[in-house]
Structures are given as structure tokens and as C-alpha cells.
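Undergrad: Provide a 3D model corresponding to the input given below.
(2 chains, ligands or ions: 2)
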Amino acid sequence: MPERTHGFRIDEQKCRGHLACMRACPTQAIRVTDGKARLLPQFCVDCGICLTACPSGAIGAITQSFAELDKFKYKVAVPSPVLFAQFPVGITPARTILGLKALGFDAVWDFTVELALVNRAILDYVEEWNGPFPVLSISCPVIVRLIQVMYPAMIDQLLRLQPPRELAGRELKRKYSEELGLHPDEIAAVYITPCQAKTISILKPAEGVKSNLDGAIGISDVYNDIVALTKDLEKKETVAPPKGPACSVEMLRWAISKGQGNTLRRHRYMSVTGLSNVIQVFEDIYKGKLRNIEYLECDACWGGCIGGNLTVDNIYVTLSKIHRLWSDLPNTDPRVDAEVERRYPIEDFSLKGEVMPRATGKNTGGLKERVKRIKTEEAVNKMLPGLDCGLCGAPTCKTFANDVAAGHASQDDCVMLSGKRLKALQAMYHRKGEESTPEGGG
Amino acid sequence: MAEELLRKTYEVHGRDFDKAGENATEIKRVLKELNIDSMLVHRAVVIAFEAEMNVVMYATKGTITFILTEEAIELEIADEGPGIEDLEMALTEGFSTATNEMREMGFGFGMGLPNIRKNADDFDLTSEVGAGTTVSTKVRLESNA
Ligand SMILES: Nc1ncnc2c1ncn2[C@@H]1O[C@H](COP(=O)(O)OP(=O)(O)O)[C@@H](O)[C@H]1O
Ligand SMILES: [Mg+2]
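TA: Numbers count the residues shown, from 1 in each chain, chains lettered A, B, ... in the order given. Ligands and ions are numbered 1, 2, ... in the order given. Purely as a prediction, here's the structure:
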């Protein structure tokens, strides 16, 4: 069931065979055959760029709904720090928490402590690590998948620590099952997520073990309700915002992909955001460069998680809100420090399971066969125009040559090599033009 | 003789530090695509990279010939350059005639040739002063040394 393992679905009915998604995909995971986009799930890293690129609204994120959570006795929201930075003045983190509760959550888990624990664990990890360098952050599921698919040689460099959200899931189940006398399985830990990639990382973790979280709901799915509900709450006046930490400077730093910069102050640290930038840096690492960097924090979204595709505002507005929040928050909180001191020595933060290279089907057959495939690919590539026009249904001439060598495409699919292909395309796309109405757009 | 499956030749230009290492990277890409064991890829890439760097640093120009047979990854790096006077000395760990400028770029710690020898199953170094240097190596596909 490849569909279940990815955060997206292409709606065949709505797809009009524009090549936008195919061209935008950073891992060449989309082909367009017979006028319809098709996903090659083994190459998909769940980045969501196709979703934004599609002019027909044919690609949708797989999301979860509140109804799916009904089977749980106690529901706990675990909001990404990005959530707190979405709202207008007046809807403070404390009020946001009230809003989540009004939405139907029994509790809201602020993971400031787990974040501080992980920051500390990362410092120890980096100081004990003997290489290869740089150590790569694991928090962004797209980056983990990118490494599985395109840079399997770098898997050993992935930080083998659980992200804070996973530790939060574990701790809140421990705490509430003890306090309420419930079985941990009766408690739902629900991440309020800035992107669908984290949803899929919870439903289908890359490291192959069960997540400590039970699901995820997009920030954009709760935003309007929280705004409306907090307005009502304001009128009631009776409900006091909760005491204790709600969001923190460290949480916000994490949300803009600068989470470890502070912790690793005395170490060589680098932060990269935006998938194309990350790929550029990974290419350098692959070539043996950047070995002097000890820790690389990397996020697929531009600007960090605040750029996630389930957020509400653009990153600059969000950054400005973070700036404002920042000034209201204390730099340190003695209660958090005390919790960290208590929990750090007794908890295990290591990643459960192993991240393995993704089987992409490229590596099948014996050595002779593989050499033959490479030679065919090179021979086909030489005949191609190198225009990357995409009319064959593959994003680049090189990818097409690869497809032909693997037997997935015929070289007659290139319009430069076969007049038949051009005729077929004219028939297919012309007829479509007549069918669609002017307001169809795109 | 084992059957030759693939042969590629790359040109290397002396002093071109900007492009230095690109051929080794290309060889790595091909070996990876062929799903060769990553330990073997690593050894071949160290050889290709160090030898390529030596051409860039010390010679005028050269070629890297990469041959894959059913039995081994063969790499031959031949250059036109000053040659090496004392081969024993050049193969000593830590011996280097690299300039300070090269060291600042992160090269020239005298470990290149020793590491090439260490990573190769078969190793041969020949040189003629005033003419050039040739490094020939084999990494056997069966080996795990
Ligand atoms: N291709 C070459 N042409 C001329 N001299 C070379 C060549 N390769 C190596 N040498 C000489 O051998 C020395 C040792 O080489 P190597 O072990 O690679 O260390 P390094 O390059 O760090 O100096 C070099 O400093 C140089 O004097
Ligand atoms: Mg050298």
C-alpha cells in the first residue's frame, strides 16, 4: 500500500496533466503519463512542493480529523511552537492553550522541557561523536527521507536522538496514565503540526518503529476555531489562562531552525533551510566537503518549520510575531531547569529503530546488468536534446534516459526522437483545451 | 584476464583547485549507482581523490582511467609533470613538499600516497623525473581489507 506511506494523494479526476508538479519535485518522484501525474512512491520524500506547484488543485495532503480521535479516552494536544506564533496580538500562548482545550482536547502539552532535554542530549552527543561529520539533525522528516532516498551514504550522520515531540508523547502518556489510572493506549497524543510531513512521520516513522504520538492535526485546521473560541472565552472572563510555562524562547528558536545554535555555542554549527539549499549543502558533504562542521541543523521548509505548508501566515509575518513573543518571554525558567536536571539522568533519548536506505529499485540485478543499464542510460542521454522540456513525461532528459534504461519508458516518448509522440500529445492536450471552460484557469 | 565491463577516462588539470576532486566525485557517483559495496567505494574514492589532488598540486596535466572489471575497480592516474625523485621518501607518512598555501586549503599533509597504498589491494608507483608520474591501483571486488 504505497499510498498510505505518503502524505499526498493525486486526484486523477482533477489532474489535467500540467507538468508543474513533475518539474518542481526535488527528487524526481513524479512522471506524467497519458496526461496524468503519477507518483513514484519510492522516491517521494513528502516535502509537499508538488502540492503548492499544482495549478489544478489535484494534489491534496492526507490529513487526520478530530473524529479519528474519538476512540481515545483522554486527548492531549502537543502543539508545535509554530502554532503560538500564528496569532494576532491578544491571543497569547496561554490563550492559545485555552483555545485548544475549548476545541475538545483534555490537556495541552507544552514541550519546553523535552526540548531542553534534547538540546542537552545533542550537546553531549556531538561532544562524544567521532565522526563522520557533520552530524545531521533529524527533526525534519523530509530531510530524513531525503537522506534515505538520495544520500544513503550519509545515514550514519543522522542524529540518533528522538525529536522533542516524540519525547513529549512518551512523557505525557506516562504522566497521565499514572495520574488518571488509564492505559497509555487510551491516551491520544496529538501533534498540532505545521506540515503534513510530520503527520506521515507519525503514521509511518522512517525508523520503522511506532511513534509515541498517535496522530497530527494541521495548524491551519485549528487556526480559525481557536481565533473564534478565544474571542468567546474573553467575554466570559471567568476562565483564567493556565499557570506555568506556555511556549518559550527556546521553542521559538527551534521553530526557525536555529534550535541548537545556542546550545552548541562552542561548536562549529551550521543551519540550512529550504530543500534546494539543503540539497546543495548535501552535495558538498557528499563530495567530502564541510567535514569541519560538527552539527548541521537542516529543515526542508524555507525559514524552518514556520514555513510549513499547514501554517497560516507567510514566514515574514510569523517572524515578526515571534519577535514580539520573544520580548514577552523570560529567557530562562527555573521550573524548566529543575525538570531538566531531574529527568536528564534518568531518561533515554536515543532513537528507537534504525533509519535504513529506501529501496528505490535502482539497485536490482547483478553487476553486469547494472553496468549495462548505466551504459544504455549514457547512450540514450547522448541522443536527447538536453532541453528538459518534460514532454516525454519525465522531468529531465537525464531522468528520462534513466527510465528508458530501466525499461520504464521508451525512447520514442521523446518528441525529438519520434514524431508520433508529438501527435499523441497534440491530440491529448488539444482536446482538453476544448473541454475546459475559460474560468478553468491554470 | 577478467572481463572489462566499463572504462572511463577523465582529464585533470594542474593547479585547477576550483575543480579539484570533481572526477573522484563522478567516479563515486558511478560506483554508487552500480551498487558496489560502500566500503569498496570508499577505498576507491580515497585513491581517486588523493591521486587527483596530487596531479592538481604538483603536475601540469593528467588523466584518470577508471576501469571496472568483474573482479576489481582499477584506477590509473598518469600525469605529465616534474616526477618524483625519491619514491620511498614520497611514500613515507608525513613527507610533503606542499606549499603553505596548499596547506591552508587543507591539502598537503603527506598522507596522500601512503593512504592510496593502504586502500589499494594492488599498488604500483612509477615516475620519471622531468616527465611524469603514474599511480596504478586495484581494489578487488571480493576483498574487504
Ligand atoms: N603526481 C606527482 N607529481 C610530482 N610529485 C608528486 C606527485 N604526487 C606526489 N608527489 C610528491 O610526493 C609527496 C607526497 O605526496 P602525498 O603523500 O600525496 O602527500 P602530499 O600531497 O600531502 O604532500 C608530495 O609532497 C610531492 O612532493
Ligand atoms: Mg597528496
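
Undergrad: got a list of what the residue most central in space within chain A touches?
TA: Most central residue of chain A, judged by C-alpha distance to the mean C-alpha position with C-alpha atoms, centre = their mean, is A:Ala197 at 3.3 Å. Residues in contact with A:Ala197, defined by C-beta atoms under 8 Å, 6 or more residues apart in numbering or on different chains, are A:7, A:46-48, A:140-142, A:145, A:300, A:308. For the C-beta atoms, the positions are set from N, CA and C on the backbone; glycine is no exception.

Undergrad: how about TSV for the residues you listed, with secondary structure, distance to ligand 1 and pLDDT added?
TA: TSV is the format used below for these (DSSP: H, G, I helix; E, B strand; the rest coil; distance: C-beta to the nearest ligand atom, whole Å; pLDDT from 0 to 100):
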residue	secondary structure	distance to ligand 1	pLDDT
A:Gly7	coil	48	79
A:Asp46	coil	44	93
A:Cys47	coil	41	94
A:Gly48	coil	46	92
A:Cys140	coil	38	95
A:Pro141	helix	41	95
A:Val142	helix	39	97
A:Arg145	helix	38	95
A:Ala300	coil	38	96
A:Gly308	coil	46	93
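
Undergrad: among those, who's most crowded?
TA: The most neighbours of any of the contacts of A:Ala197, using other C-beta atoms under 10 Å in any protein chain shown, belong to A:Ala300, which has 32 neighbours.

Undergrad: any idea how far A:Ile10 is from the closest residue to it other than its chain neighbours?
TA: In space, and not counting its chain neighbours, A:Ala300 is closest to A:Val142: 3.6 Å by C-beta to C-beta, 6 or more residues apart in numbering or on different chains. Using C-beta to C-beta, to the nearest Å, A:Val142 is found at 18 Å from A:Ile10.

Undergrad: returning to what we had before: just the element for the residue nearest to the centre of chain A, please.
TA: Taking DSSP states H and E as the criterion, the element that holds A:Ala197 is helix A:196-203.

Undergrad: Relative to the whole chain's centre, how far out is the very next helix or strand once past that helix?
TA: Once the chain leaves helix A:196-203, the next helix or strand it forms, by DSSP H and E, is strand A:215-218. The gap between where strand A:215-218 is centred and where its chain is centred comes out at 12 Å by C-alpha atoms, centre = their mean, to the nearest Å.

Undergrad: for the next helix or strand after strand A:215-218, packing partners?
TA: Toward the C-terminus, strand A:215-218 is succeeded by helix A:219-236 as the next helix or strand (DSSP H and E). Contact here means 3 or more C-beta pairs under 8 Å, 6 or more residues apart in numbering or on different chains; DSSP states H and E; on that basis helix A:219-236 packs against helix A:81-84, helix A:93-102, strand A:187-193.

Undergrad: Please repeat the previous calculation with a cut-off of 7 Å.
TA: helix A:93-102, strand A:187-193 (3 or more C-beta pairs under 7 Å, 6 or more residues apart in numbering or on different chains; DSSP states H and E).

Undergrad: Note down every partner strand of the shortest one and its orientation.
TA: What that stands for is strand A:187-193. Counting by DSSP bridges, the strands paired with strand A:187-193 are strand A:74-79 (parallel), strand A:215-218 (parallel).

Undergrad: Reformat the ones you listed as CSV; add distance to A:Tyr429.
TA: Formatted as CSV, the strands paired with strand A:187-193 follow (distance: least, C-beta to C-beta, whole Å):
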stretch, distance to A:Tyr429
strand A:74-79, 45
strand A:215-218, 34
